[in-house]
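Asker: Got a sequence here, can you build the structure:
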Amino acid sequence: MNVPHKTWEIVIPSEIATRELARDLAFAISPGDVVAIGGELGAGKTALARGIIRALAADENLEVPSPTFTLMQVYELPRFPVVHADLFRVNTLAELAELGWEEASAGAAVLVEWPERAGPLLQTERLEIHIELMPEAGPEYRRVQLTGIGTWSERLSRLRAERALLDASRYGTARREHIQGDASTRSYERLHFADGTAILMKAPASKDGPAIRQGRTYGEIAKLAQSIEPFVALSRGLRARGFSAPEIFAADLHNGLLLIEDLGTDGIVAGNPPEPIEERYAAAIDVLIALHTQELPPALPIAPRVEYQIPRYDLDTFLIEAELLIDWYLPYRKAGPVDATAREIFRALWREALLEPLSHSLTWVLRDYHSPNLLWLEEREGVQKIGLLDFQDALIGPAAYDVASLLMDARVTVSDDMEVRLLSRYAVGRLKTDPSFDPTRFAAQYVIMGAQRATKILGIFARLERRDSKPQYIRHIPRVWTYLMRTLEHPALSAIKGWYAANVPPPSERRVSPDEPELPFGSSSESQPVSPEEVAQLDRLANELAKDRSAETPAADPSTESGKTDSH
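Answerer: Model prediction:
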């Protein structure tokens, strides 16, 4: 079998350059990786390994001795464990087994010097690094050949592209800091330099799964961004209309790399567990009012004479998202399989319910408009106080979708009262510029969008746990379930409510555990009162949203959110 190889050869002129290479490698390494470091005695193998370990530890003073005599050293680092091995004195595979090589390397990144001594125990897919002295050039010069084997072939190309982008900008010598990722395959780094920071966004082109319906993959039907171009187009489009999307400083579109403005870490929630800051949620509502009252184009420029056509949020997209409940949440809850007839009834019910939101009020739908993707920019004014992230999957669809995404926030609990106040704020804002805006009709669209989104998210969180080994999202399921049950009380969803009652079990526990914030958030603030002009609209919307709510399953008791965790 032909295993792909890719090679990159560089000359390192100094110890400082060795540390820079080590930092680059540290941001490319993941658990399960093997980095085989070869070269003659004194070539600098241990120095490179030491630099990688210190970069992963974010501690330039970490003691990292040579494992020449211990043979193997394990470091329990913040992101994942690292095994540093020196096999120079190992003569047989039995010796490696006695050292506990396989046990120590399970789930760890392995940096191994003298890797040829590991023989068949060295996995095929790996990064090989060979270091040679260059005495003719100077005592500190080294020639380093990096060879990516298997999946490392493509990863090495991306590593090289990252270095090229950084060097071509003013960030080549910046200190790189890993940022905790989200549920996606994207990754981020914060770059620190003399007079500020920037973000390196890494979003390689998606490798979608198999075709699942009519020759199309899930990502194609759900219209998920397959490259970084939609982010570029939407960022520029939002900024041109007065919103605080990140400025793009430099880009390598082919390799999915962007250097973008750092909007900071202050979010729209605070506390532990985090709770919504109503002033900031109100500002986020104002952003949607401003966006939804503009004439928005269906296409945006990416580059000269190159446009990105924003896809439509159509019935197929809504339905494939809703079916995640059947495909992932029901198996997670060990519910009986749904047969073809029940699935088709599910699709038919949703198809009928979705016709109303899809019939009018179409706009840009940012799609993940909720607390993890909204930042608070205190120094800015008006709608620019809200920093926008994660909008690359934006579509043209119902205005109610992003309102529901925000006010039925999957990561924090938005109270009924706050929800109605902010929904009223949205309605009043829309009426100021559009007297034909119908709050009652919008309320119905809002609950339909909220129910569809909650249905989708139940499936996504179950999928993250079952397929992607990310169980941390399971703790949010009771909250999402509460939102779902609330929306299903609306008369527009009565038939769907019956299907769910017959087929969908609730979460195993109703408690919502404390959340670890995905960003270090700011301090809380007091809720804002409803202004007199909002009262009439508030009454109308409250009546719509409260229909039959007395029959609703009670929301989770706040007393259970003070430190208990959901069972997984």
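Asker: how about the strands of the stretch 201-350 of the chain, start to end?
Answerer: 211-213, 216-217, 248-252, 257-261, 269-270, 275-276, 299-303, 306-309 (DSSP state E, counting those that start in this stretch).
Asker: For these, could you give me TSV that also reports mean neighbour count?
Answerer: The way it works is simple: take the backbone N, C-alpha and C, and place the C-beta from them, glycine included. Shown next, in TSV, are the strands of the stretch 201-350 of the chain (neighbours: other Cβ atoms under 10 Å):
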stretch	mean neighbour count
strand 211-213	14
strand 216-217	16
strand 248-252	16
strand 257-261	21
strand 269-270	22
strand 275-276	23
strand 299-303	16
strand 306-309	14
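Asker: do you know which of the ones you listed lies nearest residue 176?
Answerer: Residue 176 lies closest to strand 257-261 among those, at 12.0 Å (Cβ to Cβ).
Asker: can you map out the helices along the stretch 251-400 of the chain?
Answerer: 278-292, 315-322, 324, 330-332, 340-358, 400-407 (DSSP state H, counting those that start in this stretch).
Asker: Between the ones you listed, which one is closest to residue 68.
Answerer: For residue 68, the closest of the helices of the stretch 251-400 of the chain is helix 330-332, at 48.7 Å, according to Cβ to Cβ.
Asker: Can you list the buried residues in that closest one?
Answerer: Going by neighbour count (16 or more other Cβ atoms under 10 Å), the buried part of helix 330-332 is 330, 332.
Asker: which strands and helices sit next to that helix?
Answerer: helix 439-466 (3 or more Cβ pairs under 8 Å, 6 or more residues apart in numbering; DSSP states H and E).
Asker: Centre of the chain to the helix it packs on, how far?
Answerer: Relative to the mean C-alpha coordinate of its chain, helix 439-466 is positioned 18 Å out (Cα atoms, centre = their mean, to the nearest Å).
Asker: One more: stretch 417-435?
Answerer: So, by Cα atoms, centre = their mean, the centroid of stretch 417-435 is 29 Å from its chain's centroid.
Asker: Looks to me like residue 83 is in a strand.
Answerer: Yes. Under DSSP: H, G, I helix; E, B strand; the rest coil, residue 83 sits within a strand.
Asker: Show me what it is bridged to.
Answerer: Beta-bridge partners recorded for residue 83 (DSSP bridges): residue 74, residue 110.
Asker: For residue 240, see how far away the residue lying closest to residue 308 once chain neighbours are set aside is.
Answerer: Take residue 308 and drop its neighbours on the chain: the residue closest to it by Cβ to Cβ, 6 or more residues apart in numbering is residue 233, 3.8 Å away. Distance of residue 233 to residue 240, given as Cβ to Cβ, to the nearest Å: 11 Å.
Asker: neighbour-wise, which of those two wins?
Answerer: Using other Cβ atoms under 10 Å as the criterion, residue 233 and residue 240 rank with residue 233 on top: 23 against 11.
Asker: what ranges of this structure fall below the confidence cut-off?
Answerer: Applying pLDDT under 70 to the chain picks out residues 1, 181-184, 509-568.
Asker: Name all residues that make contact with residue 109.
Answerer: Neighbouring residues of residue 109 by Cβ atoms under 8 Å, 6 or more residues apart in numbering: 29-35, 56, 80-83.
Asker: Which of those residues sits closest to residue 442?
Answerer: So of these, ranked by how close each gets to residue 442 (Cβ to Cβ), first place is residue 30, at 45.2 Å.
Asker: element containing residue 188, please.
Answerer: strand 187-193 (DSSP states H and E).
Asker: in its sheet, what does that strand sit against?
Answerer: With DSSP bridges as the test, strand 187-193 pairs up with strand 175-179 (antiparallel), strand 196-202 (antiparallel).
Asker: gap between it and the chain center?
Answerer: So, by Cα atoms, centre = their mean, the centroid of strand 187-193 is 16 Å from its chain's centroid.
Asker: And the strands in the stretch 1-150 of the chain?
Answerer: Counting by DSSP E, counting those that start in this stretch, the strands of the stretch 1-150 of the chain are 5-12, 34-39, 72-76, 81-86, 109-113, 126-133, 142-149.
Asker: what's the third one in contact with?
Answerer: It refers to strand 72-76. With Cβ under 8 Å, 6+ apart, strand 72-76 has contacts from 53, 56-57, 64-65, 67, 81-86, 99-101, 104, 108.
Asker: Show me which of those residues are buried.
Answerer: By 16+ other Cβ under 10 Å, those give 53, 56-57, 64, 67, 81-86, 99, 101, 104, 108 as buried.
Asker: closest to residue 179 among these?
Answerer: Once Cβ to Cβ is applied, the member of the buried ones among the contacts of strand 72-76 that ends up nearest residue 179 is residue 56, at 14.3 Å.
Asker: State the number of residues packed around residue 448.
Answerer: 27.
Asker: these two touch, right, it and residue 357?
Answerer: Yes. Using Cβ atoms under 8 Å, residue 448 is in contact with residue 357, at 5.5 Å.
Asker: Now the common contact residues for these two.
Answerer: Common neighbours of residue 448 and residue 357 (Cβ under 8 Å, 6+ apart) are residue 400.
Asker: coming back round to it: among the strands paired with strand 187-193, which is nearest residue 473?
Answerer: Of all these, strand 175-179 comes closest under Cβ to Cβ, at 18.1 Å.
Asker: My read is that residue 368 contacts residue 392, right?
Answerer: No. Using Cβ under 8 Å as the test, residue 368 is too far from residue 392 to be in contact (9.3 Å).
Asker: Comparing these two, which shows the higher neighbour count?
Answerer: The neighbour comparison of residue 368 against residue 392 (other Cβ under 10 Å) goes to residue 392, with 24 against 21.
Asker: residues touching the nearest residue to residue 210 once chain neighbours are set aside, list them.
Answerer: Setting aside the residues directly before and after it, residue 210 is nearest to residue 217 in space (Cβ to Cβ, 6+ apart), at 6.6 Å. Counting by Cβ under 8 Å, 6+ apart, residue 217 touches 208-211.
Asker: What of residue 133?
Answerer: Going by Cβ under 8 Å, 6+ apart, residue 133 touches 40, 42-43, 141-142.
Asker: so what's it bridging to?
Answerer: residue 142.
Asker: how far away is it from residue 45?
Answerer: Residue 133 is 12 Å from residue 45, by Cβ to Cβ.
Asker: Then residue 281?
Answerer: Residue 281 sits 53 Å away from residue 45, going by Cβ to Cβ.
Asker: again with residue 431
Answerer: 69 Å.
Asker: Near the closest residue to residue 446 other than its chain neighbours, how many other residues are there?
Answerer: In space, residue 446 comes closest to residue 400 once its chain neighbours are excluded; the distance is 4.5 Å by Cβ to Cβ, 6+ apart. By other Cβ under 10 Å, 27 other residues sit near residue 400.
Asker: which ones are touching residue 400?
Answerer: 357, 361, 442, 445-446, 448-449.
Asker: now with 7 Å?
Answerer: The contact partners of residue 400, by Cβ atoms under 7 Å, 6 or more residues apart in numbering, come to 357, 442, 445-446, 449.
Asker: Likewise for residue 169?
Answerer: Contacts of residue 169 by Cβ under 7 Å, 6+ apart are 249-250, 259.
Asker: ok, these vs residue 118, which is closest?
Answerer: Scanning these for proximity to residue 118, where the rule is Cβ to Cβ, the winner is residue 259, at 38.2 Å.
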